[in-house]
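*Asks:* structure of the sequence below:
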Amino acid sequence: MIGKVVTSGTFSLDGGTWEVDNNVWIVGSAEEVVVIDAAHDAEAILAAVGGRRIKAIVCTHAHNDHINAAGALVDATGATVRLHPGDDVLWRMEYGRERTYAPLADGETLTVGGIRLEVLHTPGHAPGAVCLHAPDLGTVFTGDTLFQGGPGATGRSYSSFEVIIDSIRKRLLSLPPETVVRTGHGPETTIGAEAPHLEEWIARGY
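*Replies:* Residues are numbered from 1 along each chain as shown. Got it, this is the predicted structure:
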């Protein structure tokens, strides 16, 4: 039901560029899937999808390293890109007006292969950042909102430390502690493992 492809490329913002490895999540059934965060390498993603139908390409946010393979996936499959409109300014940095997306809304439920994905708007790392909670699978796909060891970076344009902490506290730490956190970069963790460290993150200005 859940697959992962790790792709490599660059993240660019505010005049800087960094080498990154991204987790691309593929969620669904033997017939259809959604791709969460189409990063860097459309061919690798298509190989992992196999012959299944891509119902949607869902973006946890629109930093270029999370969307730069979305255009090629759309061209190859005709799938629709879904993105919270709060990240329109970041989307346009990568695609201008040439490509469009269908807006995601907080509280919306996506269904693919019998799996429910509940959209949680979690701004902070980016204005339109979302997490996708799959309660029946006991997991949440957090993009760059929450990692093993702390929140996503907030030192660049369109980000806010105070906002991301509020998002994590209200939207993520309220999930069951056994919920597996599947991140946009790096290893998995659980809500229960991260919850005790909230005040430490705040004190450190993580």
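*Asks:* all the strands of the chain, residue numbers only.
*Replies:* 2-13, 16-28, 32-36, 53-58, 80-83, 102-103, 109-112, 115-121, 130-134, 139-143, 146-147, 150-151, 180-183, 189-190 (DSSP state E).
*Asks:* closest to Ile164 out of those strands?
*Replies:* strand 150-151 (4.9 Å; CB to CB). For glycine as for every other residue, the C-beta is placed from the backbone atoms N, C-alpha and C.
*Asks:* off-centre distance for that closest one?
*Replies:* Centre-to-centre, strand 150-151 and its host chain are 14 Å apart (CA atoms, centre = their mean, to the nearest Å).
*Asks:* ditto for stretch 124-139
*Replies:* 7 Å.
*Asks:* rounded mean pLDDT for that stretch, please.
*Replies:* Averaged over stretch 124-139, pLDDT sits at 98.
*Asks:* what's the answer for stretch 26-43, then?
*Replies:* Rounded mean pLDDT across stretch 26-43 is 98.
*Asks:* stretch 197-206 too?
*Replies:* The model assigns stretch 197-206 a mean pLDDT of 81.
*Asks:* got a list of what Thr183 touches?
*Replies:* 23, 142-144, 146-148, 189 (CB atoms under 8 Å, 6 or more residues apart in numbering).
*Asks:* possible to save those as TSV with neighbour count, pLDDT and distance to His125?
*Replies:* Formatted as TSV, the contacts of Thr183 follow (neighbours: other CB atoms under 10 Å; pLDDT from 0 to 100; distance: CB to CB, whole Å):
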residue	neighbour count	pLDDT	distance to His125
Asn23	21	98	15
Thr142	30	98	10
Gly143	29	98	7
Asp144	27	98	5
Leu146	27	98	9
Phe147	20	97	10
Gln148	14	97	15
Thr189	18	98	16
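*Asks:* nearest to Asp65, of the residues you listed?
*Replies:* Using CB to CB, these come closest to Asp65 at Asp144, 9.2 Å.
*Asks:* and for the closest one, nearest residue in space, chain neighbours not counted?
*Replies:* Distances taken as CB to CB, 6 or more residues apart in numbering put Gly152 closest to Asp144, at 3.8 Å, once the chain neighbours are dropped.
*Asks:* fine by me, thanks again.
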